[in-house]
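In: Mind folding the following:
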Amino acid sequence: MKSDQHCTLRVRGQVLDLTEEPVVMGILNHTPDSFYAGSRIQGEEAVEERIDRIIAEGAKIIDVGGYSSRPDADDVSPDEEWRRLSEVLTAIRCHYPDVIVSVDTFRGEVARRCIEEGGADIINDISGGLIDPEMLPTAAELDVPYILMHMRGTPKTMQKLLHYDGRIADGAISELLGQLRKAHELGMRDENIILDPGFGFSKNTEQNWEMMADLDKWVDLGYPLLVGISRKSMIYKLFGHTPFEALNGTTFLNAYSLLHGAHILRVHDVREGVECVRMYQEIRRLSCEDAKPVD
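Out: Residues are numbered from 1 along each chain as shown. Prediction:
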């Protein structure tokens, strides 16, 4: 069980001790074409119901998306992406003004509007600043937490860019550290950076499993680590299933990720993720008690 890296996150006037209490990020996709049909939320009533459920089931963060990043997803204009995101952000701030909100976007201009106009708190960039050259400068200027994820290409091309020399974690980490250096040069502070290995992005099924086996390498970098494997193809393809049948596998991998140092779980199924965290904490508490010296 990884326990040597101590990570915190400061956001919305709170300091989250992610080592003592990993957190769950609930997904709210205001899109018509996300890969998991059960996560596609449209219409004001459905959006509000989803927000209520995410909060009631115990998520600390709501991750709002307005652009599907599944392979071969249709392009969405910046104006349409902002329209979708702003509708959700307005609903969240109306009913839950204190909840932490991240926005899933790779566009600097959209991220800026979400932070400055929509009241969002965190930028979740699947591209690690590679798609839009304005993203890293924007995130650094806004001085908010920034999720730096590993990906190659774009959602339309990423599954054609699968060659890595050696272990995939080593190659992906090297590429992401290059983006991290750029972020530092632009003035982004270490305390605002969260890393995401990018399961399912520019990686085939076998590579995703190899990445999971090497998760400790990401934790050793010393930054908060987000793992997003919820109902992804690495799970359901193993059994010849569909995303609708991937909850059990998701729960297993979330538990495995926590035991290997993950700090944030990005999930569709919040209650199950929160229960994983609670059981992990119980194991960790008793493990730490057993390690205490006896007087």
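In: wait, isn't S230 in contact with R266?
Out: Yes: assessed by C-beta atoms under 8 Å, S230 is found in contact with R266 at 6.4 Å. (Each C-beta comes from the backbone N, C-alpha and C, glycine too.)
In: Mind listing the shared neighbours of these two?
Out: By the contact definition C-beta atoms under 8 Å, 6 or more residues apart in numbering, S230 and R266 are jointly contacted by I27.
In: Please identify which of those two sits among more neighbours.
Out: More neighbours surround S230 than the other of S230 and R266, with 28 against 25 (other C-beta atoms under 10 Å).
In: for the protein, what spans make up the helices?
Out: 44-56, 78-95, 108-116, 135-142, 168-185, 205-213, 215-219, 233-239, 247-259, 270-291 (DSSP state H).
In: Same list (these) but as CSV, adding distance to G198.
Out: Shown next, in CSV, are those (distance: least, C-beta to C-beta, whole Å):
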stretch, distance to G198
helix 44-56, 23
helix 78-95, 20
helix 108-116, 18
helix 135-142, 15
helix 168-185, 7
helix 205-213, 8
helix 215-219, 10
helix 233-239, 12
helix 247-259, 14
helix 270-291, 19
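In: Between those, which one is closest to I193.
Out: Of all the helices of the chain, helix 168-185 sits nearest to I193, with 6.9 Å by C-beta to C-beta.
In: That closest one to helix 205-213, inter-axis angle?
Out: Interaxial angle, helix 168-185 versus helix 205-213 (axes from the mean of the first three to the mean of the last three C-alpha atoms, to 10 degrees): 70 degrees.
In: mind putting the helices of the chain in TSV, distance to D196, mean neighbour count and mean pLDDT included?
Out: TSV is the format used below for the helices of the chain (distance: least, C-beta to C-beta, whole Å; neighbours: other C-beta atoms under 10 Å; pLDDT from 0 to 100):
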stretch	distance to D196	mean neighbour count	mean pLDDT
helix 44-56	19	16	92
helix 78-95	19	18	95
helix 108-116	16	22	98
helix 135-142	14	22	98
helix 168-185	9	17	97
helix 205-213	11	18	97
helix 215-219	9	19	97
helix 233-239	15	18	95
helix 247-259	12	20	98
helix 270-291	16	15	90
